[in-house]
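A.B. asks: Here's a sequence, model it:
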Amino acid sequence: MSNNYMDSIDLTTLTPIVRDALQDESADITNWSRQPIEGGLSGATVHRFQGQAQTAKALKPWSIILKIISKASASQAVTDGEFWQREKLLYQSDLLTGLPQDLIVPSCYHIAQQSNNEYWLWLEDMGAESDEEWPLKQYTIVARHLGQMNGAYLVGRPLPNHDWLSQPDTRQRLVASESGIIELPKLSHTPYFAELLGDNRAERIMSLWPERGRLLAGVEQLPQTFCHGDAFRRNLMVRHSANGRPQTVIMDWEAAGLQFLGGELVSLFAATLAFVAIDIDRIAELDGLIFSGYVAGLRDAGWEGDERMVRFGFTALSALQVGIAEPATKMPNIARRIAALPPGVEPPQLLNPGGPKQAVAVGNHILNMGEEALGLLRDVT
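C.D. replies: The predicted structure follows:
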């Protein structure tokens with residue numbers, strides 16, 4: 001992104017967007033400022049613009065978000081999991097209309113094309129994200145709202161067929177992990193990975209690996225639904241309606257698309273625990289709360305299917321994607337980068353707010369989910 005583009009933003013650019021945000025065509029901006037803010041994990045650049053505007057009735061404060069999305073590589077296609085235009089196309093479609101009343105998506109006021117490789121999304125400012133730790137019951141509420149959204153596509157709402165939506169990719173992830181899986185036992189005896197692969201975690205991964213075909217075949221018999229695809233703590237905010245009802249604000253729709261039943265919960269559980277520290281004795285509790293909330297949301301939408309199907313989808317996809325494919329792909333790559341470091345250079349620190357103990361506990365819990373999925377397999381196929 002060129003700084004000249006940012007410098008070109010003026011009252012002519014901002015005024016119609018601010019009027020949309022305030023829903024007042026009489027608004028005239030009196031002052032404004034810009035602040036860069038963290039753009040999350042998608043690679044987007046994000047800025048907050050805020051100030052005051054004089055309307056026919058009063059001087060009003062305003063705040064809007066500019067999210068700049070750009071093409072990371074010339075070869076990126078719509079089929080890529082992180083296709084750069086997906087969120088822009090989603091806002092231009094009707095897929096975000098008719099969502100559950102308590103699942104809130106930031107409004108998009110305007111989309112501007114800056115070049116063939118860059119778009120600007122002018123979005124509703126949902127406020128600063130709170131660093132306050134959520135009580136675990138909050139995840140139940142979020143999961144229920146996600147279940148309400150996913151459930152609508154299980155009871156009559158047609159599945160979208162846009163070619164730019166993400167598609168289930170567990171099979172591709174497993175193929176990509178084949179070359180690394182055999183390295184895990186050896187890595188478990190190296191200083192850098194010994195703790196992360198402790199408690200026989202490497203052996204358990206290797207034991208579950210031969211079952212991947214059966215689990216995947218079972219998953220692929222489940223119904224599909226439209227999902228956010230990346231609904232974990234950093235993409236979620238909490239607010240309340242005028243009458244105090246809890247609502248979920250969900251942002252960053254770059255991964256939106258189709259997924260098998262239960263797949264929406266994988267990020268809510270596993271990705272959240274990669275960024276949020278909790279008592280490791282409560283990991284199983286969080287799993288149960290998320291699952292029960294999600295099933296309640298499906299029931300709210302009118303779905304009357306067997307909840308064992310949901311549990312199987314959640315446990316099998318968690319095990320295949322996070323329990324097997326993720327360590328088999330990431331750990332060997334990290335090991336190679338460490339081996340290439342010059343002498344005396346410290347290897348990178350693995351990021352996990354709960355430290356290695358939480359990472360190991362989460363990994364082992366997800367492998368337990370894989371064993372649970374094998375037990376459920378005969379009941380859902």
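
A.B. asks: going forward, measure contacts and count neighbours with C-alpha atoms only.
C.D. replies: Noted.

A.B. asks: For Leu41, give me the pLDDT.
C.D. replies: In the predicted model, Leu41 carries a pLDDT score of 53.

A.B. asks: likewise the one 10 residues further on?
C.D. replies: Model confidence at Gly51, given as pLDDT, is 97.

A.B. asks: Now name the helix or strand holding it.
C.D. replies: Taking DSSP states H and E as the definition, Gly51 sits inside strand 45-54.

A.B. asks: Can you give me the distance of Tyr109 to Gln247?
C.D. replies: Going from Tyr109 to Gln247 by CA to CA, to the nearest Å gives 21 Å.

A.B. asks: Run through the helices of the stretch 151-300 of the chain in chain order.
C.D. replies: Taking DSSP state H, counting those that start in this stretch as the criterion, the stretch 151-300 of the chain carries its helices at 170-181, 184-187, 201-208, 212-219, 264-266, 272-273, 283-300.

A.B. asks: What lies in contact with the longest one?
C.D. replies: Same thing as helix 283-300. Residues from elsewhere that reach helix 283-300 (CA atoms under 8 Å, 6 or more residues apart in numbering): 136-137, 139-152, 265, 268-269, 307, 310-311, 362, 365.

A.B. asks: Swap in 6 Å and give it another go.
C.D. replies: With CA atoms under 6 Å, 6 or more residues apart in numbering as the test, helix 283-300 has contacts from Tyr139, Thr140, Ala143, Arg144, His145, Gly147, Gln148, Gly151.

A.B. asks: How about the shortest one?
C.D. replies: Judged by CA under 6 Å, 6+ apart, the contacts made with helix 272-273 from elsewhere in the structure are Phe232, Arg233.

A.B. asks: what mean pLDDT does that helix have?
C.D. replies: On average, helix 272-273 scores 96.

A.B. asks: what do you get for the third one?
C.D. replies: Helix 201-208 shows a mean pLDDT of 96 in the predicted model.

A.B. asks: Arg48 and Leu121: what is the separation?
C.D. replies: Taking CA to CA as the measure, Arg48 falls 12 Å from Leu121.

A.B. asks: same check, this time on Arg34
C.D. replies: Counting by CA to CA, the gap from Arg34 to Leu121 is 15 Å.

A.B. asks: And those two? Which one has more around it.
C.D. replies: Leu121 (20 against 15; other CA atoms under 10 Å).

A.B. asks: Helix, strand, or coil at that one?
C.D. replies: strand (DSSP: H, G, I helix; E, B strand; the rest coil).

A.B. asks: Kindly report the same for Ala21.
C.D. replies: Assignment for Ala21 (three-state DSSP): helix.

A.B. asks: That one - how many residues pack around it?
C.D. replies: Neighbourhood size, Ala21 [other CA under 10 Å]: 20.

A.B. asks: What of the one 10 residues further on?
C.D. replies: Asn31 has 12 neighbouring residues, counting by other CA under 10 Å.

A.B. asks: ok, now which ones touch it?
C.D. replies: Gly51, Gln52.

A.B. asks: Equivalent analysis for Gln114, please.
C.D. replies: Counting by CA under 6 Å, 6+ apart, Gln114 has no contacts.
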